[in-house]
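In: Structure of the sequence below:
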Amino acid sequence: MLNSDKPIAKKEQDFFQRAPFAKRISNLINNRLENNSISIGIYGKWGEGKTSVLNLIKNGLGNDVYKVDFNPWLFSNEEQLLSIFFSLLAESLKSLKDSQGKKIKDSLLEYSEVIGGVTSLMGFAGVEKVTNAVKKISQKSLEQRKEEVGNALVKSEKRVVVFLDDLDRLNTEELYSIFRLVKLTGDFKNIVYILAFDDELVSKMLSKRYQGEGRNYLEKIIQLPLEIPKAQQYALRQFCLIKINELFKENNCQFLEDELYEFEGSLNLYISPFLENPRVAVRFMNSLGFAIPLLVKEVNLLDLFLIEWIKVKFPDVYFAVRDNRNLFLKNYSSDQKNYDFSNPQYTKEDLDIILDAIYQKKNSIEKKQIQRLLTDLFPNLNQPIFGTYGKAYDSEEMLLKQKICTQDYFDRYFTYTVIEGQISDVEFNLFKEKLFSESLDDQSLSIFNRHTPDQIAFKLHVLVKSLPEDNYISFSRSLASIAYRFPLDDGFFSFLGSFGTITYLVSEVIKKLPEKVRFNETKKLFKMAEPIYFSWELWFKFHPKEENFIGMKWFSEEEYGKLTTLLFELTTKNKTFDELMNELPRRYKRDLLKIWSKNDKRDIFTNTRRFILKDKESPLRLIKVFSSWTSSSDRPQPYVSGFSSLSMGFLTAVINRNLLEKRLKEVYGKQKAPRTNNDRDPISDEELVGLYQLYCRNYRRNQRKKRKEKS
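Out: Residues are numbered from 1 along each chain as shown. Modelled structure (predicted):
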């Protein structure tokens with residue numbers, strides 16, 4: 001929806017209460033008894049609606065009035081100005097009776113020719129033109145010719161109103177020519193001139209020619225100066241409200257009641273006091289009309305509302321924000337530093353330089369308004385602008401609300417599109433609807449073809465903050481069914497990866513379920529999870545040792561035991577021991593073997609014995625299941641860093657110690673253990689074998705010592 005800046009032509013289009021003013025001028029002309037010429041000035045600033053008022057005046061004039069629109073842009077010199085004006089005036093009277101109309105037309109054209117000749121004479125024009133002008137002047141005086149034209153107009157009983165608009169757009173010489181024209185023809189009877197312009201601007205321009213007396217000169221030309229009524233803030237506000245309402249309906253924008261109050265409050269606080277004229281209001285509505293269809297459901301509409309207003313009213317502020325992204329998003333609080341090493345480390349002084357340059361061009365009221373707008377849009381600016389920290393806000397809540405003060409949404413407000421690599425909220429909302437209805441299909445899952453699992457997991461993380469209780473179960477089930485879409489990362493900070501994120505989200509949602517349904521729902525998730533290690537992650541997170549801050553356990557020991565049994569059955573179903581050792585991620589193998597040992601010790605010993613005898617690599621692979629693993633920022637991929645006595649205990653619970661030692665000696669021979677074992681530094685395969693062999697020797701030594709002490 002775009003609003004034309006075209007002037008209105010009918011009273012029904014008058015949003016700003018100009019019709020009574022225009023009607024009064026029309027009535028004054030319609031009811032005027034005198035036939036002498038008069039010049040009326042319609043004064044107003046740029047954008048206040050002068051042309052609209054002229055149109056309303058025209059519509060109010062009677063049928064016996066001839067209306068002449070004279071465009072001051074059509075001439076290139078004064079002679080042409082006079083010729084065009086009188087030709088236009090004569091043409092407008094052609095509907096008079098033939099003889100009468102012809103007489104007036106001839107008189108007007110002859111007068112124009114004489115005036116034009118005099119002008120040429122003063123400007124030293126061609127000989128032929130000067131000769132003709134001198135000849136005509138000698139036959140009749142200018143006053144006689146003017147009187148003839150005036151008498152013809154009176155006799156016709158027709159009045160002429162000449163409209164001249166946009167005079168303040170002319171240069172000084174062109175402006176002088178127009179006023180000279182009005183002065184030359186000002187004695188014509190039954191002619192009214194209505195001139196629309198900015199009187200302050202025109203007075204300054206004329207003062208350059210008349211030694212500072214531009215206003216006095218203007219007063220000699222204009223007999224009735226009228227200031228256009230200033231559009232009232234209430235009317236401008238109502239215009240904006242009507243247009244915004246139309247815009248919201250057209251784009252199917254939906255708001256909570258509180259959000260509508262915020263819109264109205266922002267309109268009253270930030271915009272209404274600065275709506276100087278109708279043109280500013282129209283430009284603002286057009287700016288919104290362009291942006292909202294592109295960004296509806298992709299950004300916070302209130303923030304878009306304010307940033308588009310800044311663009312219209314304070315363009316220098318708009319460009320300062322747009323071009324200094326990190327400067328306006330930075331947290332300036334003293335206890336939080338900017339550790340984004342890919343960007344400059346901005347300071348308050350950097351911000352002050354930009355804002356001070358803006359403030360120098362603004363009055364005190366505008367400065368305060370800019371400060372309030374910026375701190376409303378960017379709460380972190382309260383500290384550098386006002387010296388206060390303002391109201392603390394939740395960054396995840398800001399993301400959920402699609403606010404401009406977040407890294408993820410900032411650029412959308414200035415590019416009018418979703419940045420490549422980001423997920424469209426419209427697209428994500430369609431995915432979310434299918435997620436909530438447990439009806440994920442190929443179309444909804446195509447989001448994974450366009451975006452990374454990390455990006456989708458992050459959007460889901462933000463979503464959970466406002467997840468309705470009615471969607472807890474559907475959300476959890478849907479994520480369990482597509483967990484395979486989120487790859488398991490085994491590296492440094494893997495818990496922050498997409499798989500770690502979604503398992504955390506599901507566990508947090510399940511914890512919020514009523515206790516009477518939590519256990520059964522978790523069992524369903526275990527059964528439907530794809531892949532099975534999604535269930536393993538939930539099992540870890542629901543472990544009885546995982547308590548909240550008030551010591552609440554999510555499941556009883558009995559319930560957790562049942563979940564453990566179910567998990568073991570699901571994991572080993574239709575899978576051989578070798579397949580599990582090859583396919584199951586490393587982080588789950590140790591617990592699987594421990595559970596297996598408790599369920600059937602003989603079976604686990606049989607499987608591990610066969611496994612280590614299968615090939616040369618298997619013995620070490622089994623040891624590594626129970627080894628200490630480490631990852632760090634400089635070594636993101638996990639590596640073996642140690643093998644403790646505790647590890648030895650877990651390992652010997654699933655395999656015969658002596659058999660494994662014998663098998664390792666066959667493959668690796670006798671190896672030395674590392675001098676230190678701090679579980680931080682990487683150790684080689686040989687050192688790992690040496691550690692196991694060392695523990696075996698120590699174990700035998702301790703056993704001999706115990707037997708000796710006993711004997």
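In: what pLDDT does the residue nearest in space to the middle of the chain get?
Out: Ranked by distance to the mean C-alpha position of the chain (CA atoms, centre = their mean), the top residue is Tyr413 at 2.6 Å. According to the prediction, Tyr413 has pLDDT 93.
In: And for Glu262?
Out: For Glu262, pLDDT reads 86.
In: Same check on Val114?
Out: On pLDDT, Val114 comes in at 64.
In: same thing with the one 4 residues further on?
Out: Note on Val118: pLDDT of 40.
In: sorry, back to before: and the residue nearest to the centre of the chain, how far from Thr347?
Out: Distance, Tyr413 to Thr347, by CB to CB, to the nearest Å: 24 Å. From N, CA and C alone the C-beta is placed, and that goes for glycine too.
In: What strand or helix carries the closest residue to Tyr639 other than its chain neighbours?
Out: Sequence neighbours aside, Pro682 is the residue nearest to Tyr639 in space, at 4.5 Å (criterion: CB to CB, 6 or more residues apart in numbering). Using DSSP states H and E, Pro682 sits in no helix or strand.
In: For Pro682, which residues are in contact?
Out: Applying CB atoms under 8 Å, 6 or more residues apart in numbering to Pro682 gives the contacts Thr630, Arg635, Tyr639, Val640, Ser641.
In: Now which of those would you call buried?
Out: Among the contacts of Pro682, those classed as buried by 16 or more other CB atoms under 10 Å are Thr630, Val640, Ser641.
In: Next, format these as CSV and append secondary structure.
Out: Formatted as CSV, the buried ones among the contacts of Pro682 follow (DSSP: H, G, I helix; E, B strand; the rest coil):
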residue, secondary structure
Thr630, strand
Val640, strand
Ser641, strand
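In: For Lys459, grab phi and psi.
Out: Lys459 adopts backbone torsions of phi -60, psi -40, taken as degrees, to the nearest 10.
In: from memory it sits against Gln422, does it?
Out: No - contact criterion CB atoms under 8 Å: Lys459 and Gln422 do not qualify, at 9.6 Å.
In: More neighbours: these two, which one.
Out: Lys459 (22 against 17; other CB atoms under 10 Å).
In: just to revisit the earlier point, beyond the helix or strand containing the residue nearest to the centre of the chain, next helix or strand please.
Out: According to DSSP H and E, Tyr413 maps onto helix 412-415. Using DSSP H and E, the helix or strand that follows helix 412-415 in sequence is helix 425-436.
In: quick one: contacts of the very next helix or strand once past that next one?
Out: The helix or strand immediately downstream of helix 425-436 is helix 442-445, counting by DSSP H and E. Helix 442-445 is contacted from outside by Leu430, Phe431, Lys434, Leu435, Ile482, Arg485, using CB under 8 Å, 6+ apart.
In: Mind giving me the packing neighbours of the helix or strand that helix 442-445 is followed by?
Out: The C-terminal neighbour of helix 442-445 among helices and strands, as given by DSSP H and E, is helix 447-450. Judged by 3 or more CB pairs under 8 Å, 6 or more residues apart in numbering; DSSP states H and E, the packing partners of helix 447-450 are helix 425-436.
In: Flag every buried residue along the helix it packs on.
Out: Asp425, Glu427, Phe428, Phe431, Lys432, Lys434, Leu435, Phe436.
In: ok now that helix, how far from the chain's centre?
Out: Taking the mean of its C-alpha atoms, helix 425-436 sits 20 Å from the chain's own mean (CA atoms, centre = their mean, to the nearest Å).
In: Stretch 324-335 too?
Out: 18 Å.
In: Give me the buried stretch members for that stretch, please.
Out: Asn326, Leu327, Phe328, Leu329, Lys330, Tyr332.
In: got the contact list for the residue lying closest to Ile404 once chain neighbours are set aside?
Out: Once flanking residues are discounted, Ile404 sits nearest to Asp303: 4.3 Å by CB to CB, 6+ apart. Asp303 is in contact with Leu377, Gln402, Lys403, Ile404, Tyr413, counting by CB under 8 Å, 6+ apart.
In: Could you dump those into TSV with secondary structure added?
Out: TSV is the format used below for these (three-state DSSP):
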residue	secondary structure
Leu377	helix
Gln402	coil
Lys403	coil
Ile404	coil
Tyr413	helix
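In: Check the gap between Phe534 and Tyr588 for me.
Out: Counting by CB to CB - Phe534 and Tyr588 are separated by 11 Å.
In: now Thr606
Out: 21 Å.
In: Please, which helix or strand holds the closest residue to Lys10 other than its chain neighbours?
Out: With CB to CB, 6+ apart as the criterion, Lys10 has its nearest non-adjacent residue at 6.8 Å, and that residue is Asn59. Taking DSSP H and E as the definition, Asn59 sits inside helix 50-60.
In: who's in contact with the residue nearest to the centre of the chain?
Out: By CB under 8 Å, 6+ apart, the neighbours of Tyr413 are Leu295, Val299, Asp303, Leu304, Ile307, Ile404.
In: now, which of those residues lie within helices?
Out: Under the assignment DSSP state H, the contacts of Tyr413 contribute Leu295, Asp303, Leu304, Ile307 to helices.
In: Please convert those to JSON lines, extending it with distance to Ser177.
Out: Formatted as JSON lines, these follow (distance: CB to CB, whole Å):
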{"residue": "Leu295", "distance to Ser177": "49"}
{"residue": "Asp303", "distance to Ser177": "51"}
{"residue": "Leu304", "distance to Ser177": "47"}
{"residue": "Ile307", "distance to Ser177": "45"}
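In: So for those residues, which is the shakiest by pLDDT?
Out: The minimum pLDDT among the ones in helices among the contacts of Tyr413 falls on Leu295, with 91.
In: ok, Thr51 - how many residues close by?
Out: Thr51, neighbours per other CB under 10 Å, totals 19.
In: scratch that, Gly41 is what I was asking about
Out: For Gly41, the count of nearby residues is 21 (other CB under 10 Å).
In: which residues of the stretch 551-700 of the chain fall in strands?
Out: Here the stretch 551-700 of the chain has its strands, by DSSP state E, counting those that start in this stretch, at 628-630, 639-642.
In: Name the strands paired with the last one and say parallel or antiparallel.
Out: If you go by DSSP bridges, strand 639-642 pairs up with strand 628-630 (antiparallel).
In: So what's the gap between the strand it pairs with and the chain middle?
Out: In terms of CA atoms, centre = their mean, the centre of strand 628-630 is found 45 Å from the chain centre.
In: Give me the contact list for that strand.
Out: Arg586, Pro638, Tyr639, Val640, Ser641, Gly642, Phe643, Ser644, Ser647, Asp679, Arg680, Pro682.
In: Going through those residues, which one is the model least confident about?
Out: Out of these, that is Asp679, at 66.
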